[in-house]
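Colleague: Based on what follows, work out the 3D shape:
(one chain, ligands or ions: 2)
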Amino acid sequence: MTNLHVLVVGGAGYIGSHMVKHLAKTGCRVTTLDNLVSGHRDAVLHGDFVLGDIADKPMLQRLFATTQFDAVMHFASFIQVGESVQKPAMYYENNVTNTLNLLDTMRLSGVDKFIFSSTAATFGEPQYSPIDEQHPQLPINPYGRSKLFVERILDDYEHAYGLRSVCLRYFNAAGADPEGQLGERHDPETHLIPLILQAASGRRPSISLFGRDYDTPDGTCIRDYIHISDLCSAHWLALLSLMNGAGSQRYNLGNGQGFSVHEVIDSALRVTGRDIKVVDALRRFGDPARLVADATLATQQLGWQPRFSDLDIMLDHAWKWEQRMASG
Ligand SMILES: NC(=O)c1ccc[n+]([C@@H]2O[C@H](COP(=O)([O-])OP(=O)(O)OC[C@H]3O[C@@H](n4cnc5c(N)ncnc54)[C@H](O)[C@@H]3O)[C@@H](O)[C@H]2O)c1
Ligand SMILES: O=c1ccn([C@@H]2O[C@H](COP(=O)(O)OP(=O)(O)O[C@H]3O[C@H](CO)[C@H](O)[C@H](O)[C@H]3O)[C@@H](O)[C@H]2O)c(=O)[nH]1
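Modeller: Ligands and ions are numbered 1, 2, ... in the order given. Here you go, the predicted model:
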């Protein structure tokens, strides 16, 4: 299926830009729609680029009236948990209201396949581990709730309008393009791995370690890091399943293997060979001790197999990108 035309909303961001490259490699036609609020124009390496905001309904209507898309992948949202607690209105507006603009334009234009970036944050405090799709979804912050609302809206839109969707609940996206062309470039950066690597490259004086008193073997939080390339392959398989007529699906995406903050720092020390100054800090509000995915359903139903589950490989790819950034 290489003659598909896919609209990638948020394709100038970290995950979206890798997806654009992945789709182009498969031979798909790709259009990126992004307002560049946090994305980068030079991260869109393939296809057409439309500068626009999904808040702008007339712009969406014009875009869908002039171009026939086979499917939409939606990466655009605000993504910081802490900020969502301070500014919930901003999060609900961009992540929910604006997503509704996109969905309504799609249904009125007859585009009925949608792949949505959901998150582990829809689950809230884990009741058991690893977290499968049956786990209750009880988010504890506006960011997680905004994503869960969209999941629920999508259930209703399939029922009423036949709009089929795959919600992919990523755990911790990590790594960078193995060919070194793309990587993570958030500003401000809040994610652990790029922050550690910025401390290694000298772009930051140190990394703060948020809490050593969690109920985990070394006292630091455990997360399930998933390589960006593996996220892209899951999106591709999800798209194929919708193209083949499957109904809506929801999948948790991770490696099923958790690494503590301490283990991530150790990996960065091995991979970079640099000194990394670690400063102990208080717990960050709202961080569960352990978040690990059970991604069995995605492996069984989509045939998805993560290729880069080795933590050092994720760090190595991210380090190559960080060295590029550090050298300007
Ligand atoms: N990074 C992670 O670990 C992670 C984990 C779980 C889920 N997610 C989800 O994956 C998606 C992508 O995350 P990311 O890390 O690539 O984020 P990102 O901030 O790098 O990318 C988001 C992109 O969307 C664009 N955008 C935002 N609002 C827009 C709007 N109204 N109109 C048009 N474009 C808009 C931004 O300019 C940016 O290019 C997000 O929806 C996020 O919630 C990310
Ligand atoms: O400077 C830092 C940054 C992070 N951490 C720790 O490192 C771990 C990972 O933190 P990240 O900020 O990298 O990632 P999160 O697990 O908080 O967030 C990820 O998972 C969330 C779901 O729970 C959201 O989806 C979010 O977008 C996604 O990046 C956490 O234990 C955090 O406390 C530190 O010790 N120091």
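Colleague: Was I right to think Leu231 contacts Ala174?
Modeller: No: in this structure, Leu231 is not within contact of Ala174 by Cβ atoms under 8 Å, at 9.3 Å. C-beta here means a position set from N, CA and C on the backbone, and glycine is covered the same way.
Colleague: Identify the bridge partners of the residue nearest to Leu242 when sequence neighbours are not counted.
Modeller: Spatial nearest neighbour of Leu242, excluding adjacent residues (Cβ to Cβ, 6 or more residues apart in numbering): Lys113 at 4.3 Å. Applying DSSP bridges to Lys113 gives these bridge partners: Arg164.
Colleague: pLDDT score assigned to Lys113?
Modeller: On pLDDT, Lys113 comes in at 98.
Colleague: and if you look at Met1?
Modeller: For Met1, the pLDDT comes out at 66.
Colleague: So which bits of this protein are right by ligand 1?
Modeller: 10, 12-16, 34-39, 53-55, 75-77, 79, 94, 98, 117, 119, 170, 172-173, 186 (Cβ under 6 Å from any ligand atom).
Colleague: and if we set it to 5 Å?
Modeller: Applying Cβ under 5 Å from any ligand atom, one finds that the chain approaches ligand 1 through 10, 12-15, 34-35, 37-39, 53-54, 75-77, 79, 98, 117, 119, 170, 173.
Colleague: Nearest residue to His138 in space, please, no chain neighbours.
Modeller: To be clear, residue 138 is Leu; His isn't right here. Per Cβ to Cβ, 6+ apart, closest to Leu138 is Gly124, 4.1 Å.
Colleague: contacting residues around that neighbour?
Modeller: Contacts for Gly124 (Cβ atoms under 8 Å, 6 or more residues apart in numbering) come out as Pro136, Gln137, Leu138, Pro139, Ile140, Gly144.
Colleague: Which one of these sits in the busiest neighbourhood?
Modeller: Among the contacts of Gly124, Gly144 has the most neighbours (other Cβ atoms under 10 Å), with 23 neighbours.
Colleague: Helix, strand, or coil at that residue?
Modeller: Going by DSSP: H, G, I helix; E, B strand; the rest coil, the secondary structure assigned to Gly144 is helix.
Colleague: ok, now which ones touch the residue of the chain positioned farthest from its centre?
Modeller: Here the centre of the chain is the reference, and by Cα atoms, centre = their mean the most remote residue is Asp275, at 29.3 Å. Taking Cβ under 8 Å, 6+ apart, we find Asp275 in contact with Ala200.
Colleague: one more time with 7 Å
Modeller: Contacts for Asp275 (Cβ atoms under 7 Å, 6 or more residues apart in numbering) come out as none.
Colleague: Are we agreed that it is in a helix?
Modeller: No: the assignment for Asp275, made by three-state DSSP, is coil rather than a helix.
Colleague: what's the spacing between it and ligand 1?
Modeller: Asp275 is 27 Å from ligand 1, where distance means Cβ to the nearest ligand atom, to the nearest Å.
Colleague: repeat for Ser248
Modeller: For Ser248, the distance to ligand 1 equals 18 Å [Cβ to the nearest ligand atom].
Colleague: Hmm, that residue is touching Glu158, no?
Modeller: Yes: with contact defined as Cβ atoms under 7 Å, Ser248 reaches Glu158; the gap is 4.8 Å.
Colleague: where do the contact lists of those two overlap?
Modeller: Common neighbours of Ser248 and Glu158 (Cβ under 7 Å, 6+ apart) are Arg164, Ser165.
Colleague: Tell me where this structure has helices.
Modeller: 14-26, 57-66, 81-86, 88-92, 98-109, 142-161, 192-201, 228-243, 261-272, 296-302, 311-326 (DSSP state H).
Colleague: Packing partners of the first one?
Modeller: The reference is to helix 14-26. With contacts taken as 3 or more Cβ pairs under 7 Å, 6 or more residues apart in numbering; DSSP states H and E, helix 14-26 sits against strand 5-9, strand 29-34, helix 228-243.
Colleague: which of Leu231 and Ala174 has more neighbours?
Modeller: Of the pair Leu231 and Ala174, Ala174 is the one with more neighbours under other Cβ under 10 Å, namely 28 against 25.
Colleague: before we move on, back to that, generate a ChimeraX selection restricted to the buried subset of the residues of the chain next to ligand 1.
Modeller: The ChimeraX selection below is limited to those of the residues of the chain next to ligand 1 classed as buried (16 or more other Cβ atoms under 10 Å):
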select :10,12,13,14,15,34,35,38,39,53,54,75,76,77,79,98,117,119,170,173
